[in-house]
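> what's the 3D shape of this:
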Amino acid sequence: MDFFKSSYIEQAVLSNQTIANICGVSVRTAQRWRSGRTRIPTAAQELLIIHVRQRVMPDKWPEHWHFNHSGLLDIGTHSPALAWQHLDWYSYSLSCWHSVLQMIPVINKRLDEIQRTATTAQIIELDKYRKRLREFTEHEFRLPDHLLKIYELREHETQDRVLHRKSGC
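Below is the predicted model:
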């Protein structure tokens, strides 16, 4: 199947100039690839897919961050590399967190309405809900503990390894 006829690439509507800029080739080479006179190298195909999927790392990311041979994000530590799915999950989770935070004032307003007609026992329960909502708003977003254990950089381990290397082993 022709790479440029695939629905994913075809929908992106890449110009020859854009293809040349992304792949670091001349516009004439990009024209030959698109016309089918020359086969597009696999590396160039992957670069275009990365660009179309918007998986290119922003300039503000540290220089030592890169995608390794397995396609995982390696951040230059002794921690396991992250897959792009982890980054997507984190971004999605963060957006959900912010959506929930935006709903809290609406929930508090509804609790006020309920409290007007509530019994004393119900008011005590409503106060418990308010307390939990307050705790939620004061809590910062963070990864679940089981993921933190996997991806955290343990400074003491890094320091031990550096000291160990200095001892000549």
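
> pLDDT of stretch 42-51, averaged?
Mean pLDDT, computed over stretch 42-51, is 85.

> Strands of this protein, start to end?
Using DSSP state E, the strands assigned to the chain run over residues 66-67, 73-74.

> Give me the mean pLDDT for the last one.
Average pLDDT, strand 73-74: 70.

> can you map out the helices along the chain?
For the chain, applying DSSP state H gives helices covering 7-12, 16-23, 27-35, 42-52, 84-116, 120-138, 145-151, 155-166.

> Any chance of CSV for those helices, columns distance to W65 and mean neighbour count?
C-beta: built from backbone N, CA, C; applies to glycine. Putting those into CSV (distance: least, CB to CB, whole Å; neighbours: other CB atoms under 10 Å) gives the following:
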stretch, distance to W65, mean neighbour count
helix 7-12, 25, 12
helix 16-23, 20, 17
helix 27-35, 29, 16
helix 42-52, 15, 15
helix 84-116, 11, 12
helix 120-138, 31, 11
helix 145-151, 13, 11
helix 155-166, 17, 10
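
> Show me the least confident stretch of these, going by mean pLDDT.
That would be helix 155-166, which, of all the helices of the chain, carries the lowest mean pLDDT at a mean of 43.

> ok, now how distant is Q45 from H51?
Summarising the geometry, the distance separating Q45 from H51, computed by CB to CB, to the nearest Å, is 11 Å.

> Kindly report the same for Y129.
Between Y129 and H51 the distance is 48 Å, computed by CB to CB.
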